[in-house]
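A.B. asks: Give me the fold of what follows.
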Amino acid sequence: MKAFVAALLVLVAACGEGRAIFNVDVLSFLSPSDSLKRFSVPGGIPQADSSAARRFFLPPGFGKSTADSVTASASASVIDTSGSGSVRFDVFFAKTQAALFLGTPYLTANSGALVPGDSVALLPPSSVSLADSVFQSDTVWVGIRARITTNIGPNMAGRIRITSLNLRIVLQDKIL
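C.D. replies: Below you'll find the model as predicted:
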């Protein structure tokens, strides 16, 4: 353990301008049931949400650091097996669970019109947030929402699979 801490100190000291960079594969922390959601929504329903929320504990010291920038990227796919409508994929980050699905999502992508048999990739553009206070904490909540809108007619059924969710956090180093 002492060797690991010493190596970490050398690594942080070698960062140059005192920045620490963390690349996080958020998807690897989600359960399989969170990354693959099946849905069946009655036709004509204006909006139905399927969501997952998880709390993440960041390395000690994040709360003392300043986030220079946070880059988020994600991808998902939706398959429509019956009915028609659309699916919007949203990713949220917040300091508390109560604030998670409020406000504007960090990432969003819309499937467009879907009919049975359609398989669509959802590729929201990467989001870059400067000096975001959400990541100046030892914990962060991640929320993923699929907002399903159906057309009048048979139930819309299918599945949505999250295929990637990554964060790149650049901190002004005050971790140690």
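
A.B. asks: Can you pull up the most central residue in this protein?
C.D. replies: Val91 (4.2 Å; C-alpha atoms, centre = their mean).

A.B. asks: pretty sure that residue is touching Ala109, no?
C.D. replies: No: look at Val91 against Ala109 with C-beta atoms under 8 Å: they stay out of range, at 9.3 Å. All C-beta atoms are positioned from the backbone trio N, CA, C, and that covers glycine.

A.B. asks: who touches both of these two?
C.D. replies: Counting by C-beta atoms under 8 Å, 6 or more residues apart in numbering, the common neighbours of Val91 and Ala109 are Pro124.

A.B. asks: Tell me who's in contact with Pro116.
C.D. replies: Asp80, Thr81, Ser82, Gly83, Ser84.

A.B. asks: what about the third one, neighbour count?
C.D. replies: Going back to what we said before, that points to Ser82. 15 (other C-beta atoms under 10 Å).

A.B. asks: same check, this time on the last one
C.D. replies: Using other C-beta under 10 Å, Ser84 has 18 other residues around it.

A.B. asks: Same check on Thr66?
C.D. replies: Thr66, neighbours per other C-beta under 10 Å, totals 15.

A.B. asks: Spell out which residues sit in contact with the nearest residue to it once chain neighbours are set aside, please.
C.D. replies: Leaving aside its chain neighbours, Thr66 sits nearest to Gln172 (4.1 Å; criterion: C-beta to C-beta, 6 or more residues apart in numbering). Shown in contact with Gln172 (C-beta under 8 Å, 6+ apart): Gly18, Arg19, Ser65, Thr66, Ala67, Asp68.
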